[in-house]
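Q: I'd like to go over a predicted model; first the sequence, then the structure.
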Amino acid sequence: MNTSELEMEIENYENGKDDIARNRHQEKKSSSIKRFVNLTVTAQTISARALSVNTDAKTSKFIIGSMSVTANLKEFILTDLERATSNFEEVLGKGSSGKVFKGWVHENTYAPSTPNIGLPIAVKRFIPERTQGHAEWQMEIDLLRECNHPNLVKLLGYCSEGREHFLVYEYMQNRDLDTHIFKWEIYQKLHWEVRLKILIGAARCLAFFHTAKQIVVCRDLKTSRILLDENFNAKLSPHQLTRLSLSSKDTDVTTRSAATLCYAAPEYVKSGIISLETDVYAFGVVLMEIMTGIRADEMLHFTDSITYYNDKEKRLVHYATSLNTYLDPWLDDNFPGGARSQLFAFIASLITKCVDSSPSNRPSMSEVVESLELIAVEFI
Ligand SMILES: Nc1ncnc2c1ncn2[C@@H]1O[C@H](COP(=O)(O)OP(=O)(O)OP(=O)(O)O)[C@@H](O)[C@H]1O
């Protein structure tokens, strides 16, 4: 099965719109199980094939998107945003820079509408007191004007009045991946195929940024930064994206929250220097969380001591190579039985390489995409 067939299949199933799709999904699942049992390619062979992809992968077909489009962003006025959000009534989430609210606008003009009519939007209201708020707001606009990728949340417009700054995004109906993996008492748990589709989407977006003429890094990738549209397509949150330059250095790394630091590569924690490899490291941690359903800070028994970084890699590798024990219980029923040990070995190998303490041993994001796509072909 190729990835677009996989995507269609998952969309049909997740939408739950027709029983035919569901039955086909079941049939596909049992034939997958048979195929699984007969699978002869060993995980080691796949690992070698997938993880030894050289830099040619940089020009691979999955790199779709563009960095030259100058998007037509709408300049909103505050009263329109107040009307569109019914006075900032419904909070979708809260981040370090402010709260995100749900709103409604007319589809073509983006004029304010009333709830449930027109196009839903997400409005980020920056905390006015934050000193770096204005710079972050401006940087996001400048960058997103020129970025277009199917796995990146689209910026529709912006607003600035007095000390207030806002960004207006397309609305992501299924919120973020963190919610679906860790707060499943409220939301439905995700099937293996859906998780894989999400991982592939997020990885593709990162690979696109990493191979763009002017490289962009995610800087602070984590499970909550992967947002999900109505069909569970992954879209990276544009917040914190930054162009890679010699000055791409965070001076405040160690003041970050414990949960966020779990995704941080050891060399980044030490130096504050952001790189392509620090994104790959964070992606490895995200992959681990998605497989186990265990938060990274729980896996790492994070206290707040910087010394824990000494055995961080060891702990992550322990979890990665013990997926049989730590697999998210919800995934148990989803996984075909036969070749599970090969799949686990393959995923363990991928995670282990991503979180290698030496940045030069980590795969590129293009190689990560190739590996995940191979999983979709061989293990679905
Ligand atoms: N476009 C969107 N559609 C729907 N929900 C969204 C959207 N953007 C953000 N959210 C929700 O709001 C939350 C906060 O988003 P925000 O971008 O402010 O912070 P963050 O980047 O996730 O966190 P932090 O800044 O603390 O690292 C997200 O986790 C998500 O649940």
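A: Perfect, I can see it now. Residues are numbered from 1 along each chain as shown.

Q: count of neighbours near Y110?
A: Y110: 19 surrounding residues under other C-beta atoms under 10 Å. The way it works is simple: take the backbone N, C-alpha and C, and place the C-beta from them, glycine included.

Q: please name the nearest non-neighbouring residue to it.
A: K74 (4.9 Å; C-beta to C-beta, 6 or more residues apart in numbering).

Q: state the pLDDT value of the one you found.
A: In this model, K74 is scored at 95, pLDDT.

Q: check Q44 too.
A: In this model, Q44 carries a pLDDT of 42.

Q: then stretch 361-380 to CSV, C-alphas only?
A: Output of stretch 361-380 as CSV, limited to C-alpha atoms (Å, rounded to 0.1, in the frame of the first residue of the first chain):
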residue,chain,number,x,y,z
ASN,A,361,25.2,10.1,14.3
ARG,A,362,21.5,11.2,14.0
PRO,A,363,19.7,10.7,10.7
SER,A,364,18.5,13.6,8.7
MET,A,365,14.8,14.4,8.7
SER,A,366,14.7,13.2,5.1
GLU,A,367,16.0,9.9,6.2
VAL,A,368,13.5,9.7,9.0
VAL,A,369,10.7,10.3,6.5
GLU,A,370,12.0,7.5,4.3
SER,A,371,12.1,5.2,7.3
LEU,A,372,8.5,6.0,8.4
GLU,A,373,7.3,5.6,4.8
LEU,A,374,9.0,2.3,4.7
ILE,A,375,7.1,1.2,7.8
ALA,A,376,3.9,2.3,6.1
VAL,A,377,4.7,0.1,3.2
GLU,A,378,6.1,-2.9,5.1
PHE,A,379,4.1,-2.9,8.3
ILE,A,380,0.6,-1.7,7.5
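
Q: picking that back up, so the residue nearest to Y110 versus the ligand, what's the distance?
A: To the ligand, K74 is 16 Å away according to C-beta to the nearest ligand atom, to the nearest Å.

Q: for the residue lying closest to V153 once chain neighbours are set aside, grab phi and psi.
A: Leaving aside its sequence neighbours, V153 sits nearest to K235 (C-beta to C-beta, 6+ apart; 4.6 Å). Main-chain torsions, K235, degrees, to the nearest 10: phi -130, psi 120.

Q: ok, now which ones touch K235?
A: For K235, the contacting residues are P150, N151, L152, V153, M172, G201, C205, I226, L227, L228, D229, by C-beta atoms under 8 Å, 6 or more residues apart in numbering.

Q: between these, which is nearest the ligand?
A: Distances from the ligand to the contacts of K235, taken as C-beta to the nearest ligand atom, are shortest for M172 (3.5 Å).

Q: now, which of the contacts of K235 lie close to the ligand?
A: The residues of those that also fall near the ligand, by C-beta under 6 Å from any ligand atom, are V153, M172, L227.

Q: the chain: strands as residue ranges?
A: Using DSSP state E, the strands of the chain run over residues 74-75, 91-94, 98-105, 119-126, 155-161, 164-170, 216-217, 226-228, 234-236, 242-243.

Q: including distance to D328, could those go into CSV?
A: What follows is those, written out as CSV (distance: least, C-beta to C-beta, whole Å):
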stretch, distance to D328
strand 74-75, 41
strand 91-94, 23
strand 98-105, 27
strand 119-126, 28
strand 155-161, 33
strand 164-170, 29
strand 216-217, 28
strand 226-228, 16
strand 234-236, 18
strand 242-243, 32
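
Q: mean pLDDT for the ones you listed: which is lowest?
A: In terms of mean pLDDT, the lowest-scoring of those is strand 242-243 (a mean of 86).

Q: close to the ligand: what parts of the chain are there?
A: 92-97, 100, 122, 124, 153, 169, 171-172, 175-176, 220, 224-225, 227, 237, 239.

Q: of the residues you listed, buried ones?
A: Buried members of the residues of the chain next to the ligand, counted by 16 or more other C-beta atoms under 10 Å: 92-93, 97, 100, 122, 124, 153, 169, 171-172, 175-176, 220, 224-225, 227, 237, 239.

Q: among the contacts of K235, who's most crowded?
A: L227 (29 neighbours).

Q: tell me who's in contact with the closest residue to that residue other than its chain neighbours.
A: Among residues not flanking L227 along the chain, M172 sits closest, at 4.0 Å (C-beta to C-beta, 6+ apart). By C-beta under 8 Å, 6+ apart, the contact list for M172 reads A122, V153, L227, L228, D229, K235.
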